[in-house]
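> Got a sequence here, can you build the structure:
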Amino acid sequence: MTAPLSLDESGFIAALRAMAYDPAARGLADDAAVLEFGGEALVLTHDMMVEGVHWLPTQDMADVAWKLVATNLSDLAAKGAMPAGVLLGYMLGRDDARFLAGLREALDAFDAPLLGGDTVAAPATNATGRHAIGLTAIGRAMHRPVPSRAGARPGDGLWLTGPVGAAMLGFEALQAGGIPTDTVAFRRPAPRLAEGEALAPLVSAMMDVSDGLLIDSARLAEASGVTLAIAGDAVPLPAALPAARAADAMRWGDDYELLFTLPGRMTPPCPAWRIGSVEPQGRHPLLVDGIPPAGRLGYIHGAHDN
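Next up is the predicted model:
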């Protein structure tokens with residue numbers, strides 16, 4: 001008997017691309033789907049979170065709910081879209097009341113109404129199962145054409161809306177029992193919705209940084225058919241981060257800043273750091289200080305999950 005074929009995340013997505021033939025799917029190579037309706041465009045995205053992978057089992061479920069909403073809205077921000085509503089997929093578990101409290105906080109904070117969804121309960125015998133939750137966010141694009149990862153061109157500048165590494169430090173502080181102010185970047189990220197709306201009419205390409213600056217930069221480069229050249233000392237980092245950990249910060253992820261390219265000498269209408277430039281496509285999609293970065297570039301589902 002032939003053993004079932006198990007795919008990693010990249011292999012599974014590659015198989016899905018053969019099914020995603022509608023133009024709205026953008027070849028499954030973008031942050032979200034974009035459905036065009038005449039003069040309007042809906043932006044749709046869905047993210048899931050799993051206990052022990054995306055949050056610690058000891059975390060307050062109110063923070064988990066906030067992060068679930070924020071990470072989905074970050075995908076809308078990368079399209080210059082504003083929230084129209086969300087659909088929740090929830091597995092009943094521990095501290096459901098705390099989850100609901102955090103969900104209400106996040107929906108109120110980001111003006112994102114709850115439109116529906118589904119709830120399930122795992123069998124009592126499923127003692128080893130992990131708590132899994134998902135959210136679909138629906139947004140209204142504030143500019144057309146809606147930005148994608150695929151528009152960067154040689155000569156563009158590469159920009160980032162804020163520092164990377166704060167979530168990594170927050171996670172480590174949470175593990176060590178740190179005070180809440182040290183852990184907020186990991187527990188309660190803030191999607192850059194206003195920045196995304198302001199940037200959408202100007203950028204040549206844009207995405208959010210969720211899996212790590214390096215791996216997401218490589219994805220933008222591959223979608224655009226270019227090479228991105230990052231200057232390591234230009235990447236903004238938290239003041240509390242030791243200089244020796246800069247490489248870790250660029251790989252860790254969960255920062256939810258916007259990574260974007262602007263033509264030539266154009267400057268952004270919101271706070272941002274120029275971290276590099278777009279070059280013609282070379283042998284490698286990404287260079288840091290002129291050298292292709294070695295090792296794993298960021299988070300890959302299935303690569304180190306238990």
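> Can you show me the helices along this protein?
Along the chain, counting by DSSP state H, helices occupy 9-17, 61-77, 96-109, 166-175, 180-187, 193-199, 213-224, 246-252.
> Which strands or helices does the longest one pack on?
It refers to helix 61-77. strand 40-50, strand 81-92, helix 96-109, strand 132-141, helix 180-187, helix 193-199, strand 205-208 (3 or more Cβ pairs under 8 Å, 6 or more residues apart in numbering; DSSP states H and E). The C-beta positions use only the backbone N, C-alpha and C, and glycine is treated the same way.
> hmm, 6 Å instead?
Packing partners of helix 61-77 (3 or more Cβ pairs under 6 Å, 6 or more residues apart in numbering; DSSP states H and E): strand 40-50, helix 96-109, strand 132-141.
> residues making contact with it?
31-32, 43, 45, 47, 49, 55, 83, 95, 98-99, 101-103, 106, 110, 133, 135, 137, 139, 187-189, 191-193, 196, 208, 256 (Cβ atoms under 6 Å, 6 or more residues apart in numbering).
> now the residues you listed: which count as buried?
31-32, 43, 45, 47, 49, 55, 83, 98-99, 102-103, 106, 110, 133, 135, 137, 139, 187-189, 191-193, 196, 208, 256 (16 or more other Cβ atoms under 10 Å).
> which residues sit in contact with the residue nearest the centre of the chain?
Computing the C-alpha centroid of the chain and ranking residues by Cα atoms, centre = their mean puts Ser210 first, at 3.2 Å. Ser210 makes contacts with Gly253, as judged by Cβ under 6 Å, 6+ apart.
> ok, the closest residue to Ala190 other than its chain neighbours to Ala77 distance?
Take Ala190 and drop its neighbours on the chain: the residue closest to it by Cβ to Cβ, 6 or more residues apart in numbering is Ala70, 6.6 Å away. Noted for Ala70: a distance of 10 Å to Ala77, by Cβ to Cβ, to the nearest Å.
> Tell me who's in contact with the residue nearest to Asp118 when sequence neighbours are not counted.
Residue nearest to Asp118 in three dimensions, not counting chain neighbours: Gly89, with 5.4 Å by Cβ to Cβ, 6+ apart. Gly89 makes contact with Gly117, Asp118, Gly134 under the criterion Cβ under 6 Å, 6+ apart.
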